[in-house]
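1. next comes the sequence, and after it the predicted model I'd like to discuss.
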Amino acid sequence: MNKRIINNKPEGNIIWRGLGGHFDSMSQILNEFLDNSISNFKGNNPIIKNIVICIKELPNKKVFFSIEDSGTGFKNLDSAFSLGAQDAKDSPMNEHGFGFKHALATANPDNNTWEICSRNKEQSEKGLYTKIKASYKFEDFEAFEINVTDTPWPGQLNGSGTYMAFTCDENLFKTVTEGHSGNFGFEKRVEFLIEDVGFTYSNLIKDDIANISIVYTDIHGTQKNKNVKSVEPDFERYINPSKGTTKIKLDNNDVTVQYEFGAMRDSEHRKYYKRNMSTSGVEIRLNGRVIATNIFKEIWGIEKHNSYNYLLIKVNLISDEIQSLPTTRTSKNGIRKGDKKLEDLFGWIRSYIPEPPKSTKDIDHEVDLFEKLKDLKNRQLPDPKTITTEQNVFKEIKERIRIDLYQKTNDGLVIYEGKKEFTSVQDLYQLKMYWDGCIIDGLKPDIGILIASSHPNSVQDLIKYINQMTDSNGNNYNMKLKTWKDEGIDYPSI
Ligand SMILES: Nc1ncnc2c1ncn2[C@@H]1O[C@H](COP(=O)(O)OP(=O)(O)O)[C@@H](O)[C@H]1O
Ligand SMILES: [Mg+2]
């Protein structure tokens, strides 16, 4: 048998072209760098956890980007630059071993503008750093050690850390406003990008795992600086199971889930949580980082629809074991289908919401009854009056808890909490909570009414105790039990 060697040694630039094209948007590219920086923070817990993103508008329709962190710097250059290497991970946020190579290859397909600088603690103390720059290749690929007295560190942070930079086409940067009509200039695009980052990493920003700021300079040299804030939804109210933390099994692995099931209002953000068809549904995060959003079909077999615009289910799966979490795609812009862990997660969601109600009104039917009661009171009570089902309290502490019905007339302030059928001890405490919320916000309720079709003995007993207590103004609570019929609403009707 004759044999001959097939010479298939790849040419660096061709592989580079093949590595690119994994991402549709600038934000996804940026996320790869941010994932690595945050992963390094999580794995090494440095005292300072800063990330600085610099964006500069350049002539000839180009944009310069750099991402710098105050982490440990690269620990193992060989595996960091190898494709698919799995031995250099700091936390589960390092995954497939392709991240920053994919990102650089997509942003700089010509393999000629990128550069990476890294310094560990020892290097930074000695005024040294390591620099690797384009082009990426498989032979004679070099890293240089540089002395800061010769060429200063290119970033803005002190101590150890990593700095990655590239120049890309303006067209790639424009992807941040995709799907949004309008004529956006450089600064507006930066604002969209800031929102993207604040959304993707909201939990990590909120939990102080990373402090991300953006320094941007337009073509005229005007420089501005912004801190990235966590992008949160505006929940009108929660729906069962409301919000909390629990453990669930995904393909027999224990995973902690933080969840929020709710009905949202339109938020003040540009892109996210807009109570529309593209921002509603189920959102999945892994260790705080968003992975998939706007899921309906995979869970309930239903299409997105206007009547579900209110629905927002946020789930954050937490685990230090990457194998316990659903598998992401190599470009981390989604989750791989057909994953048993994902099926188990979807099953858990369906166990609470077998089928999403078509509108908020279908969630709690007492809402309809309160609407009727509001209309009735608006007809019956003398002016001046405010009768609303939209009054929120606890605004003083930046929360918005909606009171079922709020009635202010010359006779005083009456607040309502209600259920369609029966009340429970919890409902009475909810009413007490509204009362306390009013007081915190500077409102003084005169009567609190708990309304339902009937009240169990426990609630009738408890209300006597509560009315002996005083609120923080020193006045006794004044709670009363009523039925829908007492208030002139024909429910239950025969
Ligand atoms: N900002 C950084 N700080 C420290 N190490 C980094 C940083 N970015 C990348 N690395 C190293 O390079 C490795 C490869 O990164 P990447 O190509 O994104 O793949 P992955 O994140 O899946 O491991 C990481 O596992 C990490 O060891
Ligand atoms: Mg990575």
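-> Alright, I've got the coordinates. Numbers count the residues shown, from 1 in each chain. Ligands and ions are numbered 1, 2, ... in the order given.
2. residue 63 contacts residue 171, doesn't it?
-> No: Residue 63 lies out of contact with residue 171 (C-beta atoms under 8 Å); the separation is 9.5 Å. Every residue, glycine included, has its C-beta placed from N, CA and C.
3. of the two, who's got more company?
-> Taking other C-beta atoms under 10 Å, residue 63 and residue 171 do not tie; residue 63 has more neighbours (22 against 10).
4. that one: which element?
-> Counting by DSSP states H and E, the element that carries residue 63 is strand 62-69.
5. tell me the helix or strand right after that strand.
-> Sequence-wise, the next helix or strand downstream of strand 62-69 (DSSP H and E) is helix 77-81.
6. give the contact list for residue 66.
-> Residue 66 sits next to 52-54, 154-155, 163-165 when contact means C-beta atoms under 8 Å, 6 or more residues apart in numbering.
7. give me the buried entries from those.
-> Applying 16 or more other C-beta atoms under 10 Å to those, the neighbour count classes 52-54, 155, 163-165 as buried.
8. which of those sits closest to ligand 2?
-> Checking those against ligand 2 by C-beta to the ion gives residue 164 as the nearest, at 11.2 Å.
9. strands paired with the helix or strand containing the closest one, and their directions?
-> Following DSSP H and E, one finds residue 164 within strand 161-169. Strand 161-169 pairs in its sheet with strand 62-69 (antiparallel), strand 115-119 (antiparallel), by DSSP bridges.
10. can you tell me what sits against that strand?
-> 26, 33, 36-37, 40, 54, 58, 61-74, 100, 104, 107-108, 113-119, 124, 153-155.
11. ok now it, how far from the chain's centre?
-> 25 Å (C-alpha atoms, centre = their mean, to the nearest Å).
12. could you find the closest non-adjacent residue to residue 321?
-> residue 253 (7.0 Å; C-beta to C-beta, 6 or more residues apart in numbering).
13. could you list which of the contacts of strand 161-169 also contact ligand 2?
-> residue 36 (C-beta under 5 Å from the ion).
14. derive a ChimeraX selection command for the buried subset of the contacts of strand 161-169.
-> Only the buried entries of these go into this ChimeraX selection, using 16+ other C-beta under 10 Å:
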select :26,33,36,37,40,54,63,65,66,67,68,69,70,71,72,73,74,100,104,107,108,113,114,115,116,117,118,119,124,153,155
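15. cross-check the contacts of strand 161-169 against ligand 1 and keep the overlap.
-> With C-beta under 6 Å from any ligand atom as the criterion, the subset of the contacts of strand 161-169 in contact with ligand 1 comprises 36-37, 40, 69, 71-72, 74, 100.
16. partner strands of the longest strand along the chain and their direction?
-> In the chain, assigned by DSSP state E, the strand with the most residues is strand 234-250. With DSSP bridges as the test, strand 234-250 is paired with strand 253-265 (antiparallel).
17. put the alpha carbons of the strand it pairs with into CSV.
-> Taking Å, rounded to 0.1, in the frame of the first residue of the first chain, the C-alpha atoms of strand 253-265 are listed here in CSV:
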residue,chain,number,x,y,z
ASN,A,253,-28.2,18.5,38.2
ASP,A,254,-29.0,20.8,41.1
VAL,A,255,-29.2,24.4,39.8
THR,A,256,-30.3,27.5,41.7
VAL,A,257,-32.9,29.6,39.9
GLN,A,258,-33.7,33.2,40.6
TYR,A,259,-37.0,34.0,39.0
GLU,A,260,-39.5,36.8,38.5
PHE,A,261,-42.8,36.1,36.9
GLY,A,262,-44.8,39.3,36.2
ALA,A,263,-46.7,41.6,34.1
MET,A,264,-44.6,44.5,32.9
ARG,A,265,-45.3,48.1,32.0
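18. what about that strand, average pLDDT?
-> Per-region confidence: strand 253-265 scores 95 on mean pLDDT.
19. list the buried residues of that strand.
-> For strand 253-265, using 16+ other C-beta under 10 Å, the buried residues are 255, 257-265.
20. dump those residues to CSV, plus distance to residue 383.
-> Listed next are the buried residues of strand 253-265 as CSV, based on distance: C-beta to C-beta, whole Å:
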residue, distance to residue 383
255, 56
257, 50
258, 46
259, 44
260, 40
261, 39
262, 35
263, 32
264, 34
265, 29
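21. show me where this protein dips below the pLDDT cut-off.
-> Low-confidence segments of the chain (pLDDT under 70): 329-336, 361-365, 494.
22. mind listing what's buried in stretch 471-486?
-> So, applying 16+ other C-beta under 10 Å, buried residues of stretch 471-486: 471, 477-479, 481, 484.
23. sort out for me which of those are in helices.
-> Using DSSP state H, no member of the buried residues of stretch 471-486 sits in helices.
24. show me where the stretch 1-150 of the chain has strands.
-> In the stretch 1-150 of the chain, the strands defined using DSSP state E, counting those that start in this stretch lie at 50-58, 62-69, 115-119, 128-133, 144-147.
25. of the buried residues of stretch 471-486, just say which sits nearest to ligand 1.
-> Nearest to ligand 1 out of the buried residues of stretch 471-486 is residue 471 (C-beta to the nearest ligand atom; 52.5 Å).
26. need the contact list for the closest one.
-> Per C-beta under 8 Å, 6+ apart, neighbours of residue 471: 435-436, 439, 477.
27. how about a cut-off of 6 Å?
-> 439, 477 (C-beta atoms under 6 Å, 6 or more residues apart in numbering).
28. can you tell me which two in the ones next to ligand 1 among the contacts of strand 161-169 are farthest apart?
-> 72 and 100 (15.5 Å; C-beta to C-beta).
29. report how many residues lie close to the nearest residue to residue 475 once chain neighbours are set aside.
-> The shortest distance from residue 475 to any non-neighbouring residue, by C-beta to C-beta, 6+ apart, is to residue 444 (7.7 Å). The local packing of residue 444 (other C-beta under 10 Å) involves 12 other residues.
30. how about the one 5 residues further on?
-> Residue 449: 20 surrounding residues under other C-beta under 10 Å.
31. which residues does the residue in the stretch 151-300 of the chain that ligand 1 sits nearest to bridge with?
-> The stretch 151-300 of the chain approaches ligand 1 most closely through residue 162 (3.6 Å), counting by C-beta to the nearest ligand atom. Counting by DSSP bridges, residue 162 is bridged to residue 69, residue 118.
32. count of residues packed around it?
-> Look at residue 162: counted by other C-beta under 10 Å, it has 28 neighbours.
33. distance check, it against residue 245.
-> 32 Å (C-beta to C-beta, to the nearest Å).
34. over to residue 107?
-> 37 Å.
35. could you do residue 122 as well?
-> Separation of residue 122 from residue 245 (C-beta to C-beta) stands at 40 Å.
36. coming back round to it: looking at the contacts of residue 66, which is nearest residue 212?
-> Distance to residue 212, by C-beta to C-beta, is smallest for residue 53 among these, at 6.9 Å.
37. secondary structure class for the nearest residue in space to the closest one that is not next to it in sequence?
-> Sequence neighbours aside, residue 214 is the residue nearest to residue 53 in space, at 4.8 Å (criterion: C-beta to C-beta, 6+ apart). In three-state terms, and counting by DSSP: H, G, I helix; E, B strand; the rest coil, residue 214 is strand.
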